[in-house]
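Student: following is a predicted model, sequence given first.
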Amino acid sequence: MAQGMKRLGTPIAALLGVALIALVATSWLINRDALRKAVEAQIRDVTGLELNVAGAIDIAVLPASYISFHDVGLKGGGTTDPALHVDVLTANLRLLPLLLQRFEIADLTLLRPHIHVSLKPDGESNWTPFIQTIARTMKPGADHQVSFSEIRIQDGVLNFEDAATHAAEQFDDIDLSLAWPSISRSFAATGQFDWRGERVDGSISFADFVAALSGDRSGLKARIASAPLKLAFDGNVANRTSPMMEGTLTIDSPSLRNALRWTGQPQPGSGGFGRFALKARANVVGASIALTNVNVELDGNTAEGVMTYANNGRQTLQATLAADALDFTPYISTFRLLASGARDWNRQLFDLNGLSTTDLDMRLSAARLTVGPSKLGRTAIGANLRNGTLALSVGEAQVYGGIAKGSFGIARSDTIADVKAQFQFTDVDLQACASELFGINKLSGRGNINVSLVASGSSPFGLAQSLDGTATVTGHDGAISGFNAEQLLKRLERRPLSGGGNFRNGSTPYDSLTIAVKFADGVATAEDIRIEGPAAKITMTGTASVPTREYDMKGVASLNTTSGFQLPFVVQGPWDDPLIFPDPESLIRRSPASAPLLDMLKDRKAGDAVRSAIEQITGVKRPQTPESPTAENAKENAKSN
């Protein structure tokens, strides 16, 4: 066996020696000018681009066979500026044909290429002739079929310009490997590049590259992965009259807000839009995308349905989605009507930029809906945003133990928001509804609420100042906390001057409640307020300031007894903690011993002393009136000054 191996090794060594001698001889005998012309011709035949070599040309046979062109410009299609400029273009040669003095390119390497893509308004580009040439040379039976199988791009830069939209993009540090199909009909490209400060890994493959270049139908797989966004598509592509794609689309992002910022899209509002995932069947025609079998997740909310998106000069999104449970809290968490930790309205200016960038038409239904502290049952919502005007409609929502319907609209006028709201709440829990919507926590029971309001302003405080409209409340079987009208009336009926006492304890039950209020320039005027209970009834008049959130009202409480005892009272102070106190003059008049004191008030000299005594007896500080002597003196002093 050893002798056999020696006999076999001798001819192999001789063959290798002959090959080595042939390579050395080839390196000396090669026609460098013919090699250059052959390589340039192959590149021109394959790509349709003419080489314009301004630098040196390096040719090597051993240990590797290649030819390198320095400072190369490639242009074609009658263009004057090169579509591609390369610092070093290297064509690696096939060894066996080289020994036979035939020059065939195995693959190309482009070092530091500068690629320029200019898209014309008609959809053509400066690379259209190149694509047409590639499609022609790759067809079976072509005169000059592709003879090299790979193109590698190292440290490249791509500049893109769109003449129609005036958009411009730049991709840096491009490292790509293009699998050039010399035998197979498929095509694949994989690599990395930098875009807008992020490193992007990408890959794309065509099942039939010739068909794709010709605009015919071809299978397509594409993947893009970066820190802000991951995208994948698996389907088919065609481009006869306009680009068309259909297949499965998958998008994933840890923060949709960051992904929108990275891609240059407008960001909606200032809250939410974090974790995002979408999987759907996509049908793309031109700049329009239709999504079916949609499964979308945003900020923990999951929904299913259909969506369409178009970007024909203005972005438009249409969607019909259904969900089991939705939480809108992240989207309103940054919007506060009241200033944090205060009773005053929030004066921070609205950010209305999101109303002018995108058109929206959405239908959304959910079995459960959460909006801040409010918990809603089955809800159907429609949202329409067009030309800076947002309209929300609630077809029906199970809320506060009842049903709510209505509409809400916002129209932008520079920095001013014009707001309109119309809502009807039927058979709701008045305590929960009044507390969450109006900040009033003194009312309980069940009833109906109808609200029709309009306002304009650049902040919640501005809206409160300009509020106009009407509001009505009808309730039954409830109570008003803060005072017990029956207990108070019975005590004061027996002892009118028993002292101020504490009028802010207990609650007043009612059988029926009627409230009708009219708003004008931020002031609510009571048109009809009636509270009728089993033991007492109350009527009220007056106003409430919406900007300052304060009451200035008067009322009359009466017992449902044969005596019919009536007591006027006053409600003043903040909405969440008002002062309620009886009218001191009415108490004094009911006391035979103290009634003469009222006549003594007319005496200028005794007025102040009597007033002080009345306040000590009743426990209520009696405000000065225009008729009082002190008030008259103040007026006279003001006139004299």
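Tutor: Looks like it came in fine.
Student: next one: phi and psi at residue 331?
Tutor: Here is the backbone geometry of residue 331 (degrees, to the nearest 10): phi -90, psi -10.
Student: let me fix that, I meant to ask about residue 436.
Tutor: Note on residue 436: backbone dihedrals following degrees, to the nearest 10 are phi -80, psi -30.
Student: shift numbering so it begins at 59
Tutor: With the count now opening at 59, the last piece we talked about shows up as residue 494.
Student: give me the pLDDT value at it.
Tutor: The per-residue pLDDT reported for residue 494 equals 80.
Student: tally of neighbours for it?
Tutor: 16 (other Cβ atoms under 10 Å). For the C-beta atoms, the positions are set from N, CA and C on the backbone; glycine is no exception.
Student: with the one 10 residues further on instead?
Tutor: Burial of residue 504, expressed as a neighbour count using other Cβ under 10 Å, amounts to 18.
Student: which helix or which strand is home to it?
Tutor: Residue 504 is part of strand 501-515 when elements are defined by DSSP states H and E.
Student: and the next helix or strand after that strand, what's buried?
Tutor: Toward the C-terminal end, the helix or strand that comes next after strand 501-515 (DSSP H and E) is helix 518-523. For helix 518-523, burial by neighbour count (16 or more other Cβ atoms under 10 Å) applies to 518, 519, 520, 521, 522, 523.
Student: isn't the fifth one up against residue 608?
Tutor: No - using Cβ atoms under 8 Å, residue 522 is not in contact with residue 608; the gap is 12.0 Å.
Student: any idea how far residue 406 lies from residue 579?
Tutor: From residue 406 across to residue 579, the span is 22 Å (Cβ to Cβ, to the nearest Å).
Student: what's the answer for residue 182, then?
Tutor: Separation of residue 182 from residue 579 (Cβ to Cβ): 60 Å.
Student: tell me where the stretch 259-408 of the chain has strands.
Tutor: 276-283, 288-296, 302-311, 334-343, 346-356, 359-369, 373-385 (DSSP state E, counting those that start in this stretch).
Student: is it true that residue 265 touches residue 278?
Tutor: Yes - between residue 265 and residue 278 there is a contact under Cβ under 8 Å: 7.5 Å.
Student: the two: which has the busier surroundings?
Tutor: Shown here are residue 265 and residue 278; by other Cβ under 10 Å, residue 278 has more neighbours (20 against 17).
Student: list the contacts for the more buried one?
Tutor: Shown in contact with residue 278 (Cβ atoms under 8 Å, 6 or more residues apart in numbering): 262, 263, 264, 265, 270, 291, 292, 293, 294, 295, 303, 305.
Student: helices of the stretch 59-208 of the chain, start to end?
Tutor: Remark: helices assigned in the stretch 59-208 of the chain by DSSP state H, counting those that start in this stretch are 60-87, 90-105, 153-157, 186-196.
Student: any idea which of those helices scores lowest on pLDDT?
Tutor: Of all the helices of the stretch 59-208 of the chain, the minimum mean pLDDT falls on helix 60-87 (a mean of 57).
Student: just name the shakiest helix or strand of this protein by mean pLDDT.
Tutor: Scoring the helices and strands of the chain by mean pLDDT, DSSP states H and E places helix 687-698 at the bottom, with a mean of 43.
Student: can you point out the buried residues in the helix or strand hosting residue 257?
Tutor: With elements taken from DSSP H and E, the one containing residue 257 is strand 256-264. Buried residues in strand 256-264, defined by neighbour count with 16+ other Cβ under 10 Å: 258, 260, 261, 262, 263, 264.
Student: who does it touch, helix- and strand-wise?
Tutor: With contacts defined as 3 or more Cβ pairs under 8 Å, 6 or more residues apart in numbering; DSSP states H and E, the packing partners of strand 256-264 are strand 245-253, strand 276-283.
Student: which pLDDT value goes with the residue nearest the centre of the chain?
Tutor: The chain has residue 326 as the residue nearest its centroid, 3.0 Å off, counting by Cα atoms, centre = their mean. Note on residue 326: pLDDT of 73.
Student: and for residue 224?
Tutor: pLDDT for residue 224: 83.
Student: quick one: residues contacting it.
Tutor: If you count contacts by Cβ under 8 Å, 6+ apart, residue 224 has none.
Student: now do residue 155
Tutor: With contact taken as Cβ under 8 Å, 6+ apart, residue 155 is in contact with 161, 162.
Student: ok, it to residue 123 distance?
Tutor: Distance, residue 155 to residue 123, using Cβ to Cβ: 10 Å.
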